[in-house]
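> Structure for the following, please:
(one chain, ligands or ions: 3)
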Amino acid sequence: MAEFTLRLRRYDPESGDAPYWEEHTVDLEPHRSVLEGILQAKDRFDGSIGIRCSCRAAICGSCGVRINGQPDLACHTHLGRAEKRSKDGVIEVEPMGNMPVIKDLIVDMEAVHWKKIRRVTPWLIAKQPVPEREYIVPRESMVDVTQSMACIQCGACVSDCLSMEVDPEFIGPAALAKAYRFVGDPRDDQHFERLKDLAEDPHGIYDCTHCFQCISACPKGVAPMNQIMRLRRRAGNDFKIEDRNNGERHEHAFASLIKQYGLLAEAEILPRSYGGDTPLAKFKPSAAAELASSLPSIAKALLRRKVTPAAVLKPHRLARQDLGQIKRIYDEVEGREERAEFNIYISGKDEDR
Ligand code: SF4
Ligand code: SF4
Ligand code: FES
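Numbering: from 1, shown residues only. Ligands and ions are numbered 1, 2, ... in the order given. A predicted model of the protein is given here:
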C-alpha cells in the first residue's frame with residue numbers, strides 16, 4: 001500500500017463558480033488505477049466528485065480524462081506510473097479537452113464526439129442484391145479495417161486534436177477513423193459517395209494538419225491520423241476526387257516540392273497547388289486567379305517571414321547527395337505496381353512473424 005495525492009479539477013457550470021483544483025490523498029497499491037484512486041476519494045472524502053466509468057477494464061471508453069496533461073483512460077493508467085510522470089509528485093486529473101464540461105471530470109460527448117460520429121454515416125450501406133446467405137469478405141479486407149474497428153469511442157483523440165481546437169467544425173480523428181471502417185469494407189456500396197462527401201467538406205479529410213496528437217493519445221492503437229491518410233489516398237489516388245477545397249492539389253504540390261528540393265519551399269506551395277507541379281505554375285492564368293484570392297494569406301506569410309522574396313527567387317534545397325536519397329525513396333514508392341497499405345496493428349513487428 002502507498003499514498004498518492006490526486007489533484008482533481010472541479011467545476012460545476014450550473015453553480016456559476018469558476019473551476020478550481022482540489023487535492024485528496026488516497027492509499028492504494030501502485031498498480032491500481034487512477035480511476036480507483038478517484039473512486040476512493042469520492043467514497044471517503046467527497047461523494048460529489050463527478051467521474052464517468054463503467055467497465056474499469058479499458059473496454060467501454062467511458063473514463064477518458066486528462067492525466068498530467070495527457071488524455072488517457074483513468075482505468076488504464078497505474079497510479080505509480082502516473083505519479084512518476086507528474087511534475088511535482090501530485091497526479092493531476094482534469095476533464096478532456098475540445099468538449100464542454102458537464103461536471104468535474106465528465107465532458108459532454110454528445111455535443112461533440114457523437115455528433116461527429118453520426119456525421120459520417122457510421123453503418124454499412126449494403127451492396128445490392130443482398131446475398132441469400134452471408135457475404136464472403138476477403139481476409140485482407142477485414143485485416144485492413146481491423147485497426148479502425150478497435151476504437152472504443154473514448155474521445156481521447158478528439159480531446160487532443162489541434163485542428164479541432166482551431167476549427168471546432170472539423171469532423172475530427174475518431175469520426176474519420178470510423179469513416180474508414182466503411183470505406184475499407186468491400187460490402188459497403190457507397191465508397192465513392194462517402195469519400196466525395198468527406199473530401200468536399202471544408203471540415204473534412206483535408207482539414208487534418210498531420211500533428212500526430214491523435215496517434216499518441218489513442219489508448220487502443222487506432223492511429224486515427226493514419227486512417228485519415230488512407231481516406232485521402234482512396235479519394236485522391238483511387239477515385240481521382242479533386243475537391244473544391246484544393247486539398248488534393250495541395251497534397252500533390254507538397255509531394256512534388258519535396259521530390260524536387262528535398263525540403264518544403266513555402267513560396268512555391270500555393271502556386272503549385274493552383275497551377276500544377278512545375279516552377280512555372282505561378283504563371284498559369286488559372287493559377288493567377290486563385291492566387292489573387294489568396295492574397296490575404298500571402299500577405300500574412302510575408303509579414304511573418306514564412307516566405308521571403310529571396311526564397312521566392314531561389315528556393316532552398318538539400319545538398320545533391322541528400323537529394324539523391326530522397327529521390328530514391330520516391331522512385332521506390334512510385335515504381336510499385338500496387339500501393340501497399342501496411343496494417344501495423346495486425347502484422348506487428350517483422351520479428352514477431
Ligand atoms: S493528426 Fe489530424 S486528426 Fe489527428 S490530432 Fe492532428 S489534426 Fe487532429
Ligand atoms: S480512435 Fe482511439 S482515442 Fe479516438 S475515440 Fe477511438 S479509441 Fe478513443
Ligand atoms: S471504465 Fe471502461 S474504459 Fe475505463
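> For the stretch 51-200 of the chain, what lies in contact range of ligand 1?
By the rule CB under 6 Å from any ligand atom, the part of the stretch 51-200 of the chain lying against ligand 1 is 161-163, 173. Placement of C-beta: from N, CA and C, glycine included.
> for ligand 3, what are the nearby residues on the protein?
53-56, 58-63, 73, 75.
> quick one: which of these sit in strands?
Leu73 (DSSP state E).
> quick one: the helices in the stretch 1-150 of the chain?
Using DSSP state H, counting those that start in this stretch, the helices of the stretch 1-150 of the chain run over residues 34-44, 79-85, 115-119, 139-149.
> Per-residue pLDDT of the closest residue to Gly69 other than its chain neighbours, please?
Nearest non-adjacent residue to Gly69, counting by CB to CB, 6 or more residues apart in numbering: Glu92, 7.1 Å away. Here the pLDDT value assigned to Glu92 is 98.
> Point me to the residue of the stretch 201-350 of the chain nearest ligand 2.
Evaluated by CB to the nearest ligand atom, the stretch 201-350 of the chain has Cys218 as its residue closest to ligand 2, separated by 3.3 Å.
> Please name the nearest non-neighbouring residue to Ala156.
Using CB to CB, 6+ apart, the closest residue to Ala156 is Pro71 (3.9 Å).
> Please name the bridge partners of that neighbour.
According to DSSP bridges, the residues that bridge with Pro71 are Arg66.
> cool, and Phe4?
Val26.
> Report the separation between it and His76.
According to CB to CB, to the nearest Å, Phe4 and His76 sit 16 Å apart.
> Looking at those two, which has the bigger crowd around it?
Remark: of Phe4 and His76, Phe4 carries more neighbours, 24 against 19, as counted by other CB atoms under 10 Å.
> which ones are touching that one?
By CB atoms under 8 Å, 6 or more residues apart in numbering, Phe4 lies in contact with 25-28, 30, 37, 79, 83, 91.
> Return the distance of Pro173 relative to ligand 2.
6 Å (CB to the nearest ligand atom, to the nearest Å).
> hang on, that residue packs against Asn226?
No. The pair Pro173 / Asn226 is not scored as a contact, 10.1 Å apart, by CB atoms under 8 Å.
> higher neighbour count, the two?
Shown here are Pro173 and Asn226; by other CB under 10 Å, Pro173 has more neighbours (31 against 21).
> For the more buried one, give me its contacts.
Applying CB under 8 Å, 6+ apart, we find Pro173 in contact with 157-158, 161, 208, 214, 224-225, 228.
> From these, which land in strands?
Using DSSP E, none of those sit in strands.
> For the buried ones among those residues, write the corresponding ChimeraX selection.
Buried residues within those, by 16 or more other CB atoms under 10 Å, are selected in ChimeraX with:
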select :157,158,161,208,214,224,225,228
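> and of the contacts of Pro173, the nearest to Lys327?
Nearest to Lys327 among the contacts of Pro173 is Met225, at 26.0 Å by CB to CB.
> tell me the contacts of the closest one?
173, 208, 210-212, 214-215.
> check contacts around the nearest residue to Arg56 once chain neighbours are set aside.
Excluding the flanking residues, the one nearest Arg56 by CB to CB, 6+ apart is Cys75, at 4.7 Å. Contacts for Cys75 (CB under 8 Å, 6+ apart) come out as 33-36, 53, 55-58, 63.
> ditto for Pro279
Shown in contact with Pro279 (CB under 8 Å, 6+ apart): Glu268.
> And it, how far from Glu268?
Distance from Pro279 to Glu268, by CB to CB: 7 Å.
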